[in-house]
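[1] Provide a 3D model corresponding to the input given below.
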Amino acid sequence: MKRFLLLIAPVLLILLAFRPVTAITVTGTVTDEKGTPVTGVTVLVKGTRNATSSGTDGTYRILVAGTGDILVFSASGFQSREEKVAGRTKIDVSLLPASQVMSEVVVTAYGQQRKKDMTRAVAGVPLPPSGTQFYAGYALQGKVAGVQIQGLNGNGYQPGYQQGYFDREGYDKITENGFLKATDNPLSTFSIDVDAASYSNVRRFLNTGQLPPAGAVRIEEMINYFKYEYPQPENKDPFSINTEISEAPWNKDHKLVLIGLQGKKIPVENLPASNLVFLIDVSGSMQGPERIGLVKASMKMLVEQLREQDKVAIVVYAGAAGLVLPSTSGSDKQKIREAIDDLEAGGSTAGGAGIKLAYKTAKEYFVKGGNNRVILCTDGDFNVGESSDDAMERLIEEERKSGVFLTVLGYGMGNYQDAKMQKLADKGNGNHAYIDGITEAKKVLVNEFGGTLFTIAKDVKLQIEFNPAKVQAYRLIGYENRMLAKEDFNDDKKDAGELGSGHTVTALYEVIPVGVKSSFLPSVDPLKYQQRNEKASKQSETDEIMTVKFRYKTPDADVSRLIEHPLRDKSVAVAGTSDNFRFAAAVAQFGMLLRNSEFKSNASFESVLSLAKKSMAADADGYRSEFVRLVESARLLSKGKKPVTDFEEEEETLPLGPNK
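    Presented below is the predicted three-dimensional model:
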């Protein structure tokens, strides 16, 4: 009998090892420490690519292979958390903000002795340079054997490491638009801007515990990151025009004028066929999960949106450029995903060669009347071949004549070249987004798929004529790199911004009414050789404060169309304005505080929070709630305060894991 049992035991073990595993569906809700649902939390089965994200109500649903699986919950601005399934079908999770510090850690040759309890991992914190030791997601800088290492500080970086970490990032200096007298400068002309890269980049800085540099804060991009509830156009024009006027929340003597455009939303199934070329930077500077790893995850999300009639090619560049996937139908998703999975980073960065090959590929498969676009994924750190700003701009300006548009997606940190990315997108009839995490990738490439990739109007320009009988002076808030000469408005050869399907564009003017004394308007000596003619026309004797004029072209046209929209001076109190107005004003005020603008007057974080919290109705995706959290973080950082949680001391020996 014993011999029989010994003989069948191995067979039983083999059968048990290969027994079928029953999958389990796990559901739950993710909230913050106050019980508020958190949107866009990534829920990942540890050690796999199986993941989902929480919805607008914080709920999620995911299929796991067995009870031993571990779920990892992570979101920008929160500490990550792991939960073992252990047979549970419902797992509710509360995430803590990423604002607590790690305690001092003693590292020995074969293990770590923790003097105090470690603070939980900070979600979304970028990885330090190669050579850094890691344990359970914590970066440990320095030698391993017998060296005492200070833990991460409140912003998620090693003390002394963060200060120089962003030194190689490139930002253009922004000279803010000042107040102009309406009698001297009655016309204000600018190009629209649908880019939103500045906001997600600012978020990255705040989530890592530091205030952004002034050059990273482009207020118009921060405003336009958010959706606004403007009505859809009712006529044949591709967008509706909306205006509103009230007092400026930061200066009660001034008025604030909102101008909002709402692009016509075209259902995805009705969009014309797409001819896309993924142009992916695989140079050495793109190494790491937060760079090439995030690029690959982003592109695979986009692939899932493609239809059979859509086509994708993949061009990569490092020391040289190459075509790794010829133009392939969107129905062959597995082939496209496999090509993306095979991408690895390493080498120098020949950006110019990559751009040339990408445009060449797009032109070979050009779809007449379709969406022909190059999608560039890079940190912008070009260093081989044509890499100067002027050379790259000339290259893009030449290539855009082919009718191929450009989308620039920025990745990485520490060497991120924001200024160069802006120029490429502007010159390439395109848009620019900064991808600071998988949630942002989903927003740009899934939620806003049509707006990001399909243009409904190009070369969209605005020209505002101010009535000098009503307006003493004005200034456009933001759009500094989009200003145009007044003559450019009627010049159809002058390039301007593009509007995508369903996109909104919002602009704000701060106005000093006639009769208001202002320190922003210094006196000027009288002219010697000519007299000022301040006599206004009879048309100024009206209740109109301004006339807004728009010019745009359809995507395949060379001649623009003109629309005019007068605005009457019927101001209401801020409390009586729309959620659109109050929230846009809150974001603008926040941007001025971050920039320490000379025009911020009585702006305050308290005022920003009050306005934002009173305009949360249109927050299905949770972005406005996230904005409130960022403002609260910035308020603390501006005072030099960092929330710290003290932990009781305890001794614990932990094995030192390998570098990951």
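[2] and the residue lying closest to residue 561 once chain neighbours are set aside, what does it touch?
    With Cβ to Cβ, 6 or more residues apart in numbering as the criterion, residue 561 has its nearest non-adjacent residue at 6.1 Å, and that residue is residue 552. Every residue, glycine included, has its C-beta placed from N, CA and C. With contact set as Cβ atoms under 8 Å, 6 or more residues apart in numbering, residue 552 has these partners: 238-239, 457-461, 499, 560-561, 563.
[3] measure residue 552 to residue 97 for me?
    43 Å (Cβ to Cβ, to the nearest Å).
[4] ok, now residue 414?
    From residue 414 to residue 97 the distance is 23 Å (Cβ to Cβ).
[5] show me which of the two is the more surrounded one.
    residue 414 (21 against 17; other Cβ atoms under 10 Å).
[6] which residues in the chain form helices?
    Taking DSSP state H as the criterion, the chain contains helices spanning 2-17, 162-165, 197-207, 219-223, 294-303, 333-341, 351-364, 389-399, 418-427, 438-442, 449-453, 579-595, 605-613, 623-638.
[7] any chance of these in JSON lines with distance to residue 479 and mean neighbour count as columns?
    What follows is the helices of the chain, written out as JSON lines (distance: least, Cβ to Cβ, whole Å; neighbours: other Cβ atoms under 10 Å):
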{"stretch": "helix 2-17", "distance to residue 479": "64", "mean neighbour count": "9"}
{"stretch": "helix 162-165", "distance to residue 479": "30", "mean neighbour count": "14"}
{"stretch": "helix 197-207", "distance to residue 479": "12", "mean neighbour count": "25"}
{"stretch": "helix 219-223", "distance to residue 479": "5", "mean neighbour count": "27"}
{"stretch": "helix 294-303", "distance to residue 479": "28", "mean neighbour count": "21"}
{"stretch": "helix 333-341", "distance to residue 479": "36", "mean neighbour count": "16"}
{"stretch": "helix 351-364", "distance to residue 479": "26", "mean neighbour count": "22"}
{"stretch": "helix 389-399", "distance to residue 479": "19", "mean neighbour count": "16"}
{"stretch": "helix 418-427", "distance to residue 479": "12", "mean neighbour count": "23"}
{"stretch": "helix 438-442", "distance to residue 479": "23", "mean neighbour count": "22"}
{"stretch": "helix 449-453", "distance to residue 479": "19", "mean neighbour count": "23"}
{"stretch": "helix 579-595", "distance to residue 479": "12", "mean neighbour count": "24"}
{"stretch": "helix 605-613", "distance to residue 479": "20", "mean neighbour count": "18"}
{"stretch": "helix 623-638", "distance to residue 479": "20", "mean neighbour count": "19"}
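[8] can I get the ones you listed in CSV with mean pLDDT?
    Listed next are the helices of the chain as CSV, based on pLDDT from 0 to 100:
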stretch, mean pLDDT
helix 2-17, 55
helix 162-165, 46
helix 197-207, 93
helix 219-223, 97
helix 294-303, 92
helix 333-341, 93
helix 351-364, 87
helix 389-399, 78
helix 418-427, 86
helix 438-442, 89
helix 449-453, 82
helix 579-595, 97
helix 605-613, 97
helix 623-638, 94
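[9] and residue 36, which of those helices is closest to it?
    Closest to residue 36 of the helices of the chain is helix 623-638 (Cβ to Cβ; 6.9 Å).
[10] contacts for the closest one?
    36, 39, 77, 97, 99, 202-203, 206-207, 209-211, 225-227, 443, 583, 586-587, 590, 593-594, 605, 608-609, 612-613, 615-616, 618-619, 642-643.
[11] could you export that helix as PDB, CA atoms only?
    Output of helix 623-638 as PDB, limited to C-alpha atoms (Å, rounded to 0.1, in the frame of the first residue of the first chain):
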ATOM      1  CA  TYR A 623     -10.200  66.800 -13.200                       C
ATOM      2  CA  ARG A 624     -11.600  69.800 -11.400                       C
ATOM      3  CA  SER A 625     -11.400  68.000  -8.000                       C
ATOM      4  CA  GLU A 626      -7.800  67.200  -8.800                       C
ATOM      5  CA  PHE A 627      -7.200  70.900  -9.500                       C
ATOM      6  CA  VAL A 628      -8.400  71.800  -6.000                       C
ATOM      7  CA  ARG A 629      -6.000  69.300  -4.500                       C
ATOM      8  CA  LEU A 630      -3.100  70.800  -6.500                       C
ATOM      9  CA  VAL A 631      -4.000  74.300  -5.400                       C
ATOM     10  CA  GLU A 632      -4.000  73.200  -1.800                       C
ATOM     11  CA  SER A 633      -0.500  71.600  -2.300                       C
ATOM     12  CA  ALA A 634       0.800  74.800  -4.000                       C
ATOM     13  CA  ARG A 635      -0.500  76.900  -1.100                       C
ATOM     14  CA  LEU A 636       1.500  74.800   1.400                       C
ATOM     15  CA  LEU A 637       4.600  74.800  -0.800                       C
ATOM     16  CA  SER A 638       4.400  78.600  -1.200                       C
END
